[in-house]
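1. Need coordinates for the following:
(2 chains)
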Protein chains: 2
Amino acid sequence: MARNVFYISDGTAITAEVFGHAVLSQFPMEFESLTIPFVETIDKANAVKKQINDCFITTGERPLVFHSIVQPEIRDIIYSSEGLDYDFLNTFVSPLEQQLGIKATPALHRTHGMANAGYESRINAINFTLDNDDGQTMKNMDSADIILIGVSRCGKTPSSLYLSMQFGIKAANYPFTEEDMDNLKLPEALKRNKHKLFGLTIDPARLHEIRQTRMENSRYSSMRQCRIEVKEVEMLYKKERIPYVDTSNHSVEEIAAKIIDIAGLKRHMF
Amino acid sequence: MARNVFYISDGTAITAEVFGHAVLSQFPMEFESLTIPFVETIDKANAVKKQINDCFITTGERPLVFHSIVQPEIRDIIYSSEGLDYDFLNTFVSPLEQQLGIKATPALHRTHGMANAGYESRINAINFTLDNDDGQTMKNMDSADIILIGVSRCGKTPSSLYLSMQFGIKAANYPFTEEDMDNLKLPEALKRNKHKLFGLTIDPARLHEIRQTRMENSRYSSMRQCRIEVKEVEMLYKKERIPYVDTSNHSVEEIAAKIIDIAGLKRHMF
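-> Presented below is the predicted three-dimensional model:
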């Protein structure tokens, strides 16, 4: 039977989830998780405590409770439940207070709130990426932080969006299409921004698979066409000395982190 | 002087950043951060160790080092630096091993890798959101998990994208425009999906501010027009009993978490 896990927070609970998920992913077993955000009142905290206790009674096992609760009176109620507490925030706050010689001043909604410097620029980055997705216009390429290039369905759009959403990077992207293949070269707007170009490539068999779900048995999705396009763009990357990554076996997080690392971009945090 | 912080990982370092950022945001001081992902070899680890030690020599203060390193031989090298280690992964792994009665089997790239069940469905959700952004088509509304509605520039697009990117939720969105205001009602495709509708609203003054940066001194961005539109959509939400949130003072994380909470959607984790 899967072990029950609660992610609890007086904020969005996103940090508690990310943290708990990272720790639990090291264990080769199944977990049944429930996230409860915005536990901001005594009443709600007592209701959550009851839910944890009920889970213990039903399953006979104490549920794991990952939490990042800023308000002490809420935290105490959760602590008093039958759950096993993993309080990553407070575990590290005390040693840091000692080290930094300064008291923590917990405040609600600081981690994922709008008070973060640069929140506006992040929203601007997301809008920039949407407006400059899939080569729909070339007029803003000069103000992009990075321009992802590659064949259709190699992962440009999700990667661009992750770069803007998570890291506040103005990422544009431009597709090379079937028609470009006979004489593949960089359009003028990309040529003058060559230092911002980053190539994506993909295993032709994987590309074929992805395109098949989009347009089954078409020329576009044929194994032959996928092979030709991938070969041509990789030759272009090498000829023009454009850095590139293979997206076949990587998540958007991994692709974005690799691009930032190789291109030497700044990772903003929100 | 800002205290130096390193975020280090043999993976994307996203978890280390999220965790460290959450902990440090409790402290009212400045930090100067550097993220180093993909520290996968002994050579790279030694180079990072040198970087940490150089920082200590230059600043006279031991830098804070938040890390989530899975490989023990890499971890040992970072531990041997002059940095102050905050190793959230291992701090919690041992107590969890005891509790779960099972050994952790650390594996690289498990947290943010593609091995996650449902990675494909997450990419599908992102594509769904892009294809169904801003009411560009109504034909897929029936297969949406949730449909955000609201006036132009109230936060529909970033919120939809966050829902799909972070939580794998197929979020469509539909805008009410100036022309709709005289006789505001739900289009047929939304009416038959009423249980999926979620309204966004915004303070008219904030909306005016946002629209001004987009189209200065236009009717669209005028304070009067912003007031009318917000008033009309809020009346519609109330009349049709559509749940809604005010986005004026909330980040995309907060808006998304609130929508999921109120609509009772499942948060998938990636």
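2. where along chain A do the strands fall?
-> Secondary structure of chain A (DSSP state E): strands located at A:3-9, A:31-36, A:64-68, A:84-86, A:146-151, A:171-176, A:197-201, A:244-246.
3. Pull up the gap between the closest residue to residue A:172 other than its chain neighbours and residue A:175, please.
-> Setting aside the residues directly before and after it, residue A:172 is nearest to residue A:132 in space (Cβ to Cβ, 6 or more residues apart in numbering or on different chains), at 3.8 Å. All C-beta atoms are positioned from the backbone trio N, CA, C, and that covers glycine. As defined by Cβ to Cβ, to the nearest Å, residue A:132 lies at a distance of 12 Å from residue A:175.
4. Of these two, which one has the most company?
-> Neighbours were counted for residue A:132 and for residue A:175 using other Cβ atoms under 10 Å in any protein chain shown; residue A:132 has more, 23 against 18.
5. For the more buried one, give me its contacts.
-> Neighbouring residues of residue A:132 by Cβ atoms under 8 Å, 6 or more residues apart in numbering or on different chains: A:140, A:141, A:144, A:172, A:173.
6. if you set the cut-off to 10 Å instead, what comes out?
-> Shown in contact with residue A:132 (Cβ atoms under 10 Å, 6 or more residues apart in numbering or on different chains): A:138-141, A:143-144, A:147, A:160, A:170-174.
7. Just the buried ones among these, please.
-> Applying a neighbour-count criterion of 16 or more other Cβ atoms under 10 Å in any protein chain shown, the buried members of the contacts of residue A:132 are A:138, A:141, A:144, A:147, A:160, A:170, A:171, A:172, A:173, A:174.
8. Distance check, the fifth one against chain B.
-> Noted for residue A:160: a distance of 11 Å to chain B, by Cβ to the nearest Cβ, to the nearest Å.
9. The third one now?
-> When distances are taken as Cβ to the nearest Cβ, residue A:144 and chain B turn out to be 18 Å apart.
10. The residue lying closest to that residue once chain neighbours are set aside pairs with what?
-> Spatial nearest neighbour of residue A:144, excluding adjacent residues (Cβ to Cβ, 6+ apart): residue A:172 at 4.2 Å. Partner residues in beta bridges with residue A:172, using DSSP bridges, are residue A:147.
11. For the stretch 1-150 of chain A, which segments count as helices?
-> Assigned by DSSP state H, counting those that start in this stretch, the stretch 1-150 of chain A shows helices spanning A:14-24, A:42-59, A:72-79, A:88-100, A:119-131.
12. Mean neighbour count, these: which tops it?
-> Most buried of the helices of the stretch 1-150 of chain A by mean neighbour count (mean count of other Cβ atoms under 10 Å in any protein chain shown) is helix A:14-24; its value is a mean of 25.
13. do it and chain B meet at all?
-> Yes: for helix A:14-24, a contact with chain B is found by Cβ under 10 Å from any Cβ of the partner chain, at A:14, A:15, A:16, A:17, A:18, A:19, A:20, A:21, A:22, A:23, A:24.
14. does residue A:23 really touch residue B:15, like I thought?
-> Yes: taking contacts as Cβ atoms under 10 Å, residue A:23 lies within contact range of residue B:15: 9.2 Å.
15. thinking again about what came up before, for the residues of helix A:14-24 next to chain B, could you give me TSV that also reports distance to residue A:81 and pLDDT?
-> As requested, the residues of helix A:14-24 next to chain B are exported to TSV (distance: Cβ to Cβ, whole Å; pLDDT from 0 to 100):
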residue	distance to residue A:81	pLDDT
A:14	22	91
A:15	20	88
A:16	15	91
A:17	19	92
A:18	22	88
A:19	19	88
A:20	16	91
A:21	21	89
A:22	23	87
A:23	20	90
A:24	19	92
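16. Go through those residues and say which is closest to residue B:121.
-> Distance to residue B:121, by Cβ to Cβ, is smallest for residue A:21 among the residues of helix A:14-24 next to chain B, at 16.8 Å.
17. Pull the contacting residues for residue A:243.
-> Contacts of residue A:243 (Cβ under 10 Å, 6+ apart): A:197, A:198, A:199, A:237, A:258, A:259, A:262, A:263.
18. Tell me how far residue A:57 lies from chain B.
-> Relative to chain B, and taking Cβ to the nearest Cβ, residue A:57 is found at 19 Å.
19. got it, and residue A:101?
-> Residue A:101 is 10 Å from chain B, by Cβ to the nearest Cβ.
20. That residue: how many residues sit nearby?
-> 7.
21. same question, residue A:250
-> Using other Cβ under 10 Å, the number of residues around residue A:250 comes to 22.
22. just residue A:232 next, same as before
-> Residues contacting residue A:232 under the criterion other Cβ under 10 Å number 17.
23. I figured it was touching residue A:177, is that so?
-> No: using Cβ under 10 Å, residue A:232 is not in contact with residue A:177, being 11.2 Å away.
24. who touches both of these two?
-> Residues touching both residue A:232 and residue A:177 (Cβ under 10 Å, 6+ apart): residue A:151.
25. Closest one of the contacts of residue A:243 to chain B?
-> Chain B has its nearest neighbour among these in residue A:258, at 7.1 Å by Cβ to the nearest Cβ.
26. all helices for the stretch 151-270 of chain A, in order.
-> Under DSSP H, counting those that start in this stretch, the stretch 151-270 of chain A gives helices at A:156-167, A:188-191, A:204-214, A:223-239, A:252-263.
27. Out of those helices, indicate the one that is most buried.
-> Of all the helices of the stretch 151-270 of chain A, helix A:156-167 carries the top mean neighbour count, a mean of 26, counting by mean count of other Cβ under 10 Å.
28. Just the C-alphas of that helix, formatted as PDB.
-> C-alpha atoms of helix A:156-167 as PDB (Å, rounded to 0.1, in the frame of the first residue of the first chain):
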ATOM      1  CA  LYS A 156      11.500  24.800 -28.600                       C
ATOM      2  CA  THR A 157       8.200  26.100 -27.200                       C
ATOM      3  CA  PRO A 158       8.100  24.300 -23.800                       C
ATOM      4  CA  SER A 159      11.800  25.100 -23.300                       C
ATOM      5  CA  SER A 160      11.300  28.800 -24.100                       C
ATOM      6  CA  LEU A 161       8.400  29.000 -21.800                       C
ATOM      7  CA  TYR A 162      10.200  27.300 -19.000                       C
ATOM      8  CA  LEU A 163      13.100  29.700 -19.400                       C
ATOM      9  CA  SER A 164      10.800  32.700 -19.100                       C
ATOM     10  CA  MET A 165       8.500  31.300 -16.400                       C
ATOM     11  CA  GLN A 166      11.100  29.900 -14.100                       C
ATOM     12  CA  PHE A 167      14.100  32.100 -14.700                       C
END
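29. what's the average pLDDT for that helix?
-> Mean pLDDT, computed over helix A:156-167, is 95.
30. quick one: which of the strands of chain A is nearest residue B:156?
-> strand A:171-176 (20.7 Å).
31. Which strands or helices does the closest one pack on?
-> Applying 3 or more Cβ pairs under 10 Å, 6 or more residues apart in numbering or on different chains; DSSP states H and E, one finds that strand A:171-176 contacts helix A:119-131, strand A:146-151, helix A:156-167, helix A:188-191, strand A:197-201, helix A:223-239.
32. and residue A:7, what does it touch?
-> Residues in contact with residue A:7 (Cβ under 10 Å, 6+ apart) are A:13-21, A:33-37, A:64-68, B:267, B:269.
33. how far away is it from residue B:132?
-> Taking Cβ to Cβ as the measure, residue A:7 and residue B:132 are separated by 29 Å.
34. hmm, back to that, mind checking the helices of the stretch 1-150 of chain A for the one nearest to residue B:100?
-> The closest of these to residue B:100 is helix A:14-24. By Cβ to Cβ, the value is 9.3 Å.
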